[in-house]
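Asker: I would like to see how this sequence folds:
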Amino acid sequence: MIYTVTFNPSLDYVVQLPAFKDGGVNRVSSERIFAGGKGNNAAVILSRLGVPCRAIGFKAGFTGEAMEQMLRGHGCDTDFISLKEGMTRINVKVKAEGEFEINGQGPSVSEEDIQRLYEKTDVLESGDILVLSGSIPASLPDDMYERIMKRLFGKGVRICVDAVGDLLLKTLQYRPFLVKPNRQELGELFGLVLESEEQMIRYAQRLQEMGACNVLVSMAGDGAILADETGGVHRMAPPEGTVVNSVGAGYSMVAGFLAGYVRSGSYEEALTLGTAAGSATAFTSWLAGREEIEEMRERLKRREESV
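Answerer: The predicted structure follows:
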């Protein structure tokens with residue numbers, strides 16, 4: 001079973017404007033509402049690919065109920081902790097000539113609620129996979145990733161960390177199964193600007209020396225590189241297409257990678273399906289469906305076979 005944790009989920013209210021008028025009334029040309037949060041979105045992709053998963057985290061108020069109901073509507077198994085006060089945040093994402101966001105704060109989480117979360121993660125067993133992703137809200141300790149990983153360390157649970165900066169570096173002592181920085185994030189970890197593929201491979205392997213088992217580096221229009229735990233290095237060029245949703249591509253890639261690995265046990269297949277899921281989402285307005293991902297996977301496989 002794959003479990004995804006979202007500490008500060010949201011309802012994402014996405015609106016399209018013909019043009020933004022500062023100081024005036026703006027009327028939208030289209031609007032949609034989604035269940036937001038990196039872990040939640042990874043759970044949706046996993047469910048669409050037919051991989052058993054459970055989304056856990058915190059919810060509050062009527063917005064939390066709506067968020068969880070949306071996830072279940074996408075086929076996700078959910079087990080969120082209901083908070084006594086506040087409400088799950090609403091994030092407003094505006095698309096006009098450019099894009100900007102107004103993100104809500106989210107509810108406060110008590111120590112009692114944190115203990116309830118531990119009770120849900122402590123039951124994971126050898127062979128299970130846990131996805132920790134996204135930022136930690138101000139009401140939680142800033143070492144929540146480390147606390148959860150320490151409790152599970154040595155139990156055979158494979159943990160994927162999709163985070164940046166010190167939040168990522170501090171987890172390496174617990175040997176995460178997968179970390180996924182993008183090219184810029186990988187460079188920032190070492191105070192560098194990485195330009196060549198050789199540099200990215202070198203510093204991906206440096207993260208392995210520091211504790212990571214597998215390092216997946218996404219490079220936007222240049223594809224992805226995987227340094228796997230056996231010492232192998234795999235490269236995948238991206239398919240052609242028009243990017244309309246770069247934000248969702250990263251966690252779609254993580255979900256696709258895990259789905260590919262669970263299906264086959266092959267890192268090459270994991271990278272192929274991860275690239276397919278990330279690219280398919282990048283070419284759509286929200287998260288890609290199973291048919292879109294599988295079609296993209298076949299395109300990538302045919303291209304690799306023809307080389």
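Asker: for Arg235, see how far away Ile201 is.
Answerer: Using CB to CB, to the nearest Å, we find Ile201 at a distance of 9 Å from Arg235. Using the backbone N, CA and C atoms, a C-beta is placed for each residue, glycine as well.
Asker: could you do Leu189 as well?
Answerer: 21 Å.
Asker: the more surrounded of these two?
Answerer: Between Leu189 and Arg235, Leu189 has the larger neighbour count (other CB atoms under 10 Å), namely 19 against 13.
Asker: residue contacts, the more buried one?
Answerer: By CB atoms under 8 Å, 6 or more residues apart in numbering, the residues touching Leu189 are 165, 168-169, 181, 203, 207.
Asker: mind checking which of the residues you listed are in helices?
Answerer: Residues from those lying in helices, with DSSP state H as the criterion: 165, 168-169, 203, 207.
Asker: which of those are buried?
Answerer: Buried members of the ones in helices among the contacts of Leu189, scored by 16 or more other CB atoms under 10 Å, are 168-169, 203, 207.
Asker: may I see these organised as CSV, with distance to Pro141 and pLDDT added?
Answerer: Listed next are these as CSV, based on distance: CB to CB, whole Å; pLDDT from 0 to 100:
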residue, distance to Pro141, pLDDT
Leu168, 16, 93
Leu169, 17, 95
Tyr203, 29, 96
Leu207, 24, 97
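Asker: residue boundaries of the helices in the protein?
Answerer: Counting by DSSP H, the chain has helices at residues 38-48, 61-73, 111-121, 144-152, 165-169, 183-189, 197-209, 249-264, 267-282, 290-306.
Asker: tell me how far the residue nearest in space to the middle of the chain lies from Leu194.
Answerer: The residue lying closest to the centre of the chain (CA atoms, centre = their mean) is Tyr251, at 2.9 Å. When distance is defined by CB to CB, Tyr251 is 22 Å away from Leu194.
Asker: still on that earlier bit, quick one: which of the buried ones among the ones in helices among the contacts of Leu189 is nearest Leu46?
Answerer: Leu168 (21.5 Å; CB to CB).
Asker: just to check, that closest one is in contact with Val179?
Answerer: Yes: at 6.1 Å, Leu168 counts as touching Val179 under the criterion of CB atoms under 8 Å.
Asker: could you check how many residues crowd around Gly154?
Answerer: Neighbours of Gly154 under the rule other CB under 10 Å: 10.
Asker: the one 3 residues further on now?
Answerer: Residue crowding around Val157 was assessed by other CB under 10 Å; the count is 20.
Asker: try the one 4 residues further on
Answerer: When neighbours are counted by other CB under 10 Å, Val161 registers 25.
Asker: OK, contacts around Arg158?
Answerer: Neighbours of Arg158 in contact, by CB under 8 Å, 6+ apart: 127-130, 177-178.
Asker: ok, Gly250 next?
Answerer: By CB under 8 Å, 6+ apart, the residues touching Gly250 are 38, 162, 180, 182, 218, 278.
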